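Novice: Predicted model and sequence below, questions to follow.
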Amino acid sequence: MAWFEGAAGTVTAITGLEKGSGKTTFLNHALPLARQAGPVAVFSIGVDGAQKARTTGSSPEIRVEPGDLVMTTEAFARSSDARFEILEALPGRGSLGHLLLGRAQRGGTVTLVGSEHLSQLAEVIAQVRRDGWAASVLVDGAVNRLTQVAALGDLGFVFTARIDRSNLAKAAARVQHLGQLASLPVEPEPPAEVLRMEGPLGPTQVEVLPEGVSRLSLEDFTKVFLEPAAFSRLRQHTEISVRREFRLLCFAITLRDVARPEFLQAVGEALSPSILFNPYEVAS
């Protein structure tokens, strides 16, 4: 699939509009594609995944094949129908117990449990890539928290959403805004005349921008904390670039009682090449 061409051999985060947006469904159907490049390390960002695991004991559950790596707890590894070789016992203890990094020796399903500290997850990802334990890394990201995903370093991302009549306007606006953010020009070393901003760009920061500023450089697009309308107004007179890129691989959209042409009209036809309707299509 075209969306995956930029994902093989890299780190890809899968985040979503809200709970139940189809992140884990998409992850399970993306895994076979990722394996075409070799074994996959598949992780979850801790807080969201840990809460689900604590309340249901079965989610987010993914299917692994021999060679795949996961982060989970000893208890979930033992209860899985897969079999794991323990590569690392990770320091510290989370709310669900001690975390471990395991390599599947027999296929099966397992509940992912991520570290509650993003720095630890980032270190594990760096080690996996440095030591060549997996060809690609997929991360089941926290809901609507791209700022957390950004802490994991250089990566691409997929954004999932389930759309029905009740949330069409809100979801379309969110997708359209995110598409605009992800397409901001990348300028790692902006010229001296460009105003370089560190940290977030919110309403307070906009109010104190120097009068007449025409070019603005942000760390990355996850630092934008403006409503879509306010961001559009700022761009009318200020050219905005980012110093660090997060690659949008696709929007994975599941529609219910909404036709594809209607959704495309709501988000704008320009985003059409970035939209994958129905996560199950990634396996076809």
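Specialist: Yes, it's here. Residues are numbered from 1 along each chain as shown.
Novice: And the helices in the chain?
Specialist: Using DSSP state H, the helices of the chain run over 23-34, 46-56, 74-79, 118-130, 146-149, 168-182, 203-207, 228-237, 260-267.
Novice: Using TSV, please lay out the ones you listed together with mean pLDDT, distance to residue 11 and mean neighbour count.
Specialist: Just so you know, the C-beta spots here come from the backbone N, C-alpha and C atoms, and that holds for glycine as well. As requested, the helices of the chain are exported to TSV (pLDDT from 0 to 100; distance: least, Cβ to Cβ, whole Å; neighbours: other Cβ atoms under 10 Å):
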stretch	mean pLDDT	distance to residue 11	mean neighbour count
helix 23-34	85	11	22
helix 46-56	49	16	19
helix 74-79	91	23	16
helix 118-130	89	6	17
helix 146-149	74	10	19
helix 168-182	92	16	18
helix 203-207	95	29	11
helix 228-237	93	27	12
helix 260-267	94	26	16
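Novice: Can you say which of the ones you listed is nearest to residue 101?
Specialist: Closest approach to residue 101 among those is made by helix 118-130 (6.2 Å; Cβ to Cβ).
Novice: other SSEs contacting the closest one?
Specialist: Other elements packing on helix 118-130 under the criterion 3 or more Cβ pairs under 8 Å, 6 or more residues apart in numbering; DSSP states H and E are strand 40-44, strand 69-73, strand 83-94, strand 136-140.
Novice: Packed most tightly, which of the ones you listed would that be?
Specialist: Among these, ranked by average contacts under mean count of other Cβ atoms under 10 Å, first place goes to strand 40-44 (a mean of 27).
Novice: in its sheet, what does that one sit against?
Specialist: Next to strand 40-44 in the sheet, as set by DSSP bridges, lie strand 69-73 (parallel), strand 136-140 (parallel).
Novice: Throw these into a markdown table and include distance to residue 274 and mean pLDDT, thanks.
Specialist: Conversion of the strands paired with strand 40-44 to a markdown table gives the following (distance: least, Cβ to Cβ, whole Å; pLDDT from 0 to 100):
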| stretch | distance to residue 274 | mean pLDDT |
| --- | --- | --- |
| strand 69-73 | 29 | 93 |
| strand 136-140 | 19 | 91 |
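Novice: how about these, which one is nearest residue 174?
Specialist: Proximity to residue 174 (Cβ to Cβ) singles out strand 136-140 among those, at 19.4 Å.
Novice: quick one: contacts of the closest one?
Specialist: Residues from elsewhere that reach strand 136-140 (Cβ atoms under 8 Å, 6 or more residues apart in numbering): 7-14, 23-24, 27, 30-31, 34, 37-38, 40-45, 49, 60, 62, 112, 114, 121, 125, 128-129, 149, 152, 155.
Novice: Residue 108 pairs with what?
Specialist: With DSSP bridges applied, residue 108 shows beta-bridge pairing to residue 64.
Novice: right, and it touches residue 79 too?
Specialist: No. Contact between residue 108 and residue 79 fails when scored by Cβ atoms under 8 Å: they sit 10.5 Å apart.
Novice: quick one: contacts for the nearest residue to residue 69 once chain neighbours are set aside?
Specialist: Nearest-residue entry for residue 69: residue 41, 3.9 Å, with adjacent residues in sequence omitted and distances by Cβ to Cβ, 6 or more residues apart in numbering. By Cβ under 8 Å, 6+ apart, the residues touching residue 41 are 68, 69, 70, 125, 128, 133, 134, 136, 137, 138.
Novice: Same question for residue 177.
Specialist: Residues near residue 177 by Cβ under 8 Å, 6+ apart: 228, 231.
Novice: Apply 7 Å and report the result again.
Specialist: When contacts are counted by Cβ atoms under 7 Å, 6 or more residues apart in numbering, residue 177 touches residue 228.
Novice: returning to that earlier point: could I get the helices and strands packed on helix 118-130 as JSON lines with distance to residue 277?
Specialist: Below are the helices and strands packed on helix 118-130 laid out as JSON lines (distance: least, Cβ to Cβ, whole Å):
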{"stretch": "strand 40-44", "distance to residue 277": "24"}
{"stretch": "strand 69-73", "distance to residue 277": "29"}
{"stretch": "strand 83-94", "distance to residue 277": "35"}
{"stretch": "strand 136-140", "distance to residue 277": "21"}
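Novice: Quick check: which of these is nearest to residue 101?
Specialist: That would be strand 83-94 among the helices and strands packed on helix 118-130, by Cβ to Cβ, at 4.2 Å.
Novice: who does that closest one pair up with?
Specialist: Using DSSP bridges, strand 83-94 pairs in its sheet with strand 97-106 (antiparallel).
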